[in-house]
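*Asks:* Sequence and predicted structure below; questions after.
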Amino acid sequence: MGKQKGVYLHGKDGNILYYSWKGIACERMIPSEVYQSPVVVAHKNANGLSTTMGGSFRKLLAHVIPYPKSMQMQTALRLALLKWLKSISIPTQTPVEMPYISGLSFNEAAMLDKCLQVPLTVSVTELNELAVLVPEIIPTIALAAPPETDHVQIKFAAACCNMYTGEAQQKVTDNITIPYNSESIPAQTIFLPLEISKGSITILAAALEYFTLTNGKAYLILNDRFRPSEVVFGGVMK
């Protein structure tokens, strides 16, 4: 920092900044490049990557996200990805759960395990594809539902993004329809042919949609408490 003498200026001329400090006219040179520590650079990169990745996953998982324009949901997804990017080193094997991401809800008004009271078991096949085991259920016991329910859809969406750029890569969706009655439904496995490739992060989300029947036509029940949507698997391969 230097003091101005003679003519007192305020503003910038080239790479020289003229300003006042405690009533003293000063001047200083603006460096052409500002040094940023590796920690600062990593923080900035993680913020940008989580934003890009969050947008990609919202687009790929739209099949199961009940309120895609919700800013609360968008922020929660971005922050979960940001926390994960900052908190752990990338493993060499696909984990069953990823901190901050596995269990993330896309609708805080409804909890998947409160509406569907049996576990969904997710596994990775020998072909690096996802499989979801839905156990044997009696719908009126396993599913919490509003009284006007006729049937329920369990919806699945799996998606991959590039873990280094956040770019959307691939997606696959599926769903099963369950009549809401007291008849037992055998266990079934849903295969999602989404290859978990190296250098990608994979998310599998599940959602429930409840339908009522009026004059022979099915209508979605628009009740926040019965529109759960949640990440049931998060995996990454280096």
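*Replies:* Looks like it arrived, so ask away.
*Asks:* With adjacent residues omitted, what lies nearest to the residue most central in space within the chain?
*Replies:* The geometric centre of the chain, computed from its C-alpha atoms, lies nearest to Leu77 (CA atoms, centre = their mean), at 4.1 Å. In space, not counting the residues next to it along the chain, Leu77 is nearest to Gly54; the distance is 4.8 Å by CB to CB, 6 or more residues apart in numbering. C-beta coordinates here come from the backbone N, C-alpha and C atoms, glycine included.
*Asks:* which phi and psi does that neighbour have?
*Replies:* Note on Gly54: backbone dihedrals following degrees, to the nearest 10 are phi -60, psi -40.
*Asks:* Contact partners for it?
*Replies:* Listed by CB atoms under 8 Å, 6 or more residues apart in numbering, the contact set of Gly54 reads 74, 77-78, 81, 166.
*Asks:* which of those residues has the most neighbours?
*Replies:* For those, neighbours were counted by other CB atoms under 10 Å; the highest total belongs to Leu81, with 27 neighbours.
*Asks:* tell me the phi and psi of the closest residue to that residue other than its chain neighbours?
*Replies:* For Leu81, ignoring the flanking residues on the chain, the nearest one in space by CB to CB, 6+ apart is Ser50 at 4.2 Å. Backbone torsions of Ser50, given as degrees, to the nearest 10, read phi -60, psi -30.
*Asks:* Quickly note the distance from Ser50 to Trp84.
*Replies:* As judged by CB to CB, to the nearest Å, Ser50 and Trp84 stand 8 Å apart.
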